[in-house]
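K.L.:
sequence? don't have it. structure:
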């Protein structure tokens with residue numbers, strides 16, 4: 001389950017970063033992106049919103065256009081993996097999706113240094129033997145919400161292992 005959740009989390013981060021970078025790159029005028037200005041492959045990917053395109057806010061049009069352009073540049077294997085992760089995402093209960101999105105937003109709000117610490121810690125965690133990972137997850141599940149909050153707030157970088 002950790003691996004599946006990690007993959008969904010990665011897909012959500014990619015989509016969130018896509019959305020924020022698309023909004024940050026362009027200053028969108030009041031007209032947004034004209035449908036005719038999209039490439040044929042972009043139009044094909046966005047055909048489900050074609051009839052509503054002119055009703056979308058300009059920043060949403062720009063985000064979708066840039067997102068589809070990015071999608072078209074992704075290697076086929078990466079697109080396939082992302083599609084699978086998104087299908088898994090849609091199969092999750094709404095509450096679980098909400099919690100995951102909250103975590104993605106929380107991660108995105110961290111400073112770059114804090115994001116890197118989280119990445120390093122997660123990589124170290126994934127390299128632990130499966131029994132040790134399960135033991136740590138069980139200990140985490142046994143904590144009260146207050147204990148979890150305190151532990152998260154005081155989280156320190158795990159000491160380097162012999163693999164680092």
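P.N.:
Yep, it's here. Quick caveat, the model's predicted, so the values are computed rather than measured.

K.L.:
measure stretch 119-139 end to end?
P.N.:
Stretch 119-139 has an end-to-end distance of 21 Å (Cα to Cα, to the nearest Å).

K.L.:
go through that stretch and flag the buried ones.
P.N.:
Going by neighbour count (16 or more other Cβ atoms under 10 Å), the buried part of stretch 119-139 is residue 124. (Each C-beta comes from the backbone N, C-alpha and C, glycine too.)

K.L.:
ok, now stretch 105-116?
P.N.:
For stretch 105-116, burial by neighbour count (16+ other Cβ under 10 Å) applies to residue 107.

K.L.:
between the two ends of it, how far is it?
P.N.:
Stretch 105-116 has an end-to-end distance of 15 Å (criterion: Cα to Cα).

K.L.:
now that stretch: average pLDDT?
P.N.:
Per-region confidence: stretch 105-116 scores 86 on mean pLDDT.

K.L.:
what do you get for stretch 120-133?
P.N.:
Stretch 120-133 shows a mean pLDDT of 90.

K.L.:
now name the helix or strand holding the closest residue to residue 33 other than its chain neighbours.
P.N.:
Leaving aside its sequence neighbours, residue 33 sits nearest to residue 61 (Cβ to Cβ, 6 or more residues apart in numbering; 4.2 Å). Applying DSSP states H and E as the criterion places residue 61 in helix 58-73.

K.L.:
which helices and strands does that helix pack with?
P.N.:
helix 2-25, helix 40-45 (3 or more Cβ pairs under 8 Å, 6 or more residues apart in numbering; DSSP states H and E).

K.L.:
rank those by pLDDT, which is bottom?
P.N.:
Among those, helix 2-25 scores lowest, at a mean of 50.

K.L.:
how far away is residue 72 from residue 40?
P.N.:
Here residue 72 is placed at a distance of 11 Å from residue 40 (Cβ to Cβ, to the nearest Å).

K.L.:
more neighbours: those two, which one.
P.N.:
Neighbours per residue, other Cβ atoms under 10 Å: of residue 72 and residue 40, the larger number sits with residue 72, 13 against 7.

K.L.:
can you give me the distance of the closest residue to the more buried one other than its chain neighbours to residue 63?
P.N.:
Nearest non-adjacent residue to residue 72, counting by Cβ to Cβ, 6+ apart: residue 41, 5.4 Å away. The gap separating residue 41 from residue 63 is 17 Å, by Cβ to Cβ.
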